[in-house]
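1. what follows is a protein structure lacking sequence information:
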């Protein structure tokens, strides 16, 4: 059986089991329409996510892909008040902020955020310093050099000499996120609060994202908690020829594979389905007892 992944620790709390990170977007143009919320709607979405089994909520104010400009000030206005309201209403919920901008992270930290989800691979070099100074965890991601809010175009990753030709993207991801994670630790961030994310679809085509999923163990071997953000992404849609609103089953299949291989944290739009999938995988791995087991006993 594949080895278990590293546990996640945030705000002094250690999470040994699979972790569901619920997506809550304060945007008007997220690629998945049901995840777009105004401020009050975002708070209601957090309450729903907690009820459905989320351990962590990820608040974002800027669509990852192309779209209208969102200034730093706009992003702070969208996200930071929600951080404050979530912290007040749900004091035990862990809060992540999906941003690549250091000023946004600092403002969110002031209101009680626990994690910075930097999906743009350190584009702002000050971001990791803010995380270290404010006692936040950080996600170390991979974009293949792509800058924020751009889409991949004919990207390629040559394999290292002697390696499987398909492993070019894996070699690049492991080297990039490994170096970023070690830098975060050197700045004083707890290794258990440093997540590594292969960042499916960012700077990658569908073949790349599929290969990274099947080679999850190579990321787990880095020794940091592995985050997988599969939820309804294009690589799932292209693989099954489905639009975003029909990609749940494909997302859950990828989730089950990565969880079996040791990934720890799963960013999800569909919290209840993801929670159930992860709990079932954990039980098959022998890491979680069944909720009840009476068949054949009574």
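-> Happy to help now that I have it. Not measured: the values here are computed from a predicted model.
2. C-alpha only now, for contacts and for neighbours.
-> Noted.
3. so where is the protein shaky, pLDDT-wise?
-> For the chain, the stretches with pLDDT under 70 are 33.
4. wait, residue 239 sits on residue 206?
-> Yes - the pair residue 239 / residue 206 is scored as a contact, 7.4 Å apart, by Cα atoms under 8 Å.
5. neighbour-wise, which of these two wins?
-> Using other Cα atoms under 10 Å, the more surrounded residue of residue 239 and residue 206 is residue 206, with 17 against 13.
6. could you measure from that one over to residue 162?
-> 24 Å (Cα to Cα, to the nearest Å).
7. for residue 282, same thing?
-> From residue 282 to residue 162 the distance is 35 Å (Cα to Cα).
8. buried residues, the helix or strand hosting residue 74. List them.
-> Element membership of residue 74 [criterion: DSSP states H and E] is helix 72-89. By neighbour count on 16 or more other Cα atoms under 10 Å, the buried set for helix 72-89 is 72, 75-76, 78-80, 82-87.
9. which strands and helices sit next to that helix?
-> If contacts are counted by 3 or more Cα pairs under 8 Å, 6 or more residues apart in numbering; DSSP states H and E, helix 72-89 sits against helix 39-52, strand 56-60, strand 94-98, helix 102-110.
10. TSV for those, including distance to residue 275?
-> Shown next, in TSV, are the helices and strands packed on helix 72-89 (distance: least, Cα to Cα, whole Å):
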stretch	distance to residue 275
helix 39-52	8
strand 56-60	12
strand 94-98	16
helix 102-110	27
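11. out of those, which gets nearest to residue 13?
-> Between residue 13 and the helices and strands packed on helix 72-89, the shortest separation by Cα to Cα is 9.4 Å, and it involves strand 94-98.
12. can you tell me what sits against the closest one?
-> Contact partners of strand 94-98, identified using Cα atoms under 8 Å, 6 or more residues apart in numbering, comprise 10-11, 55-61, 79, 83, 86-87, 105, 108, 112-119.
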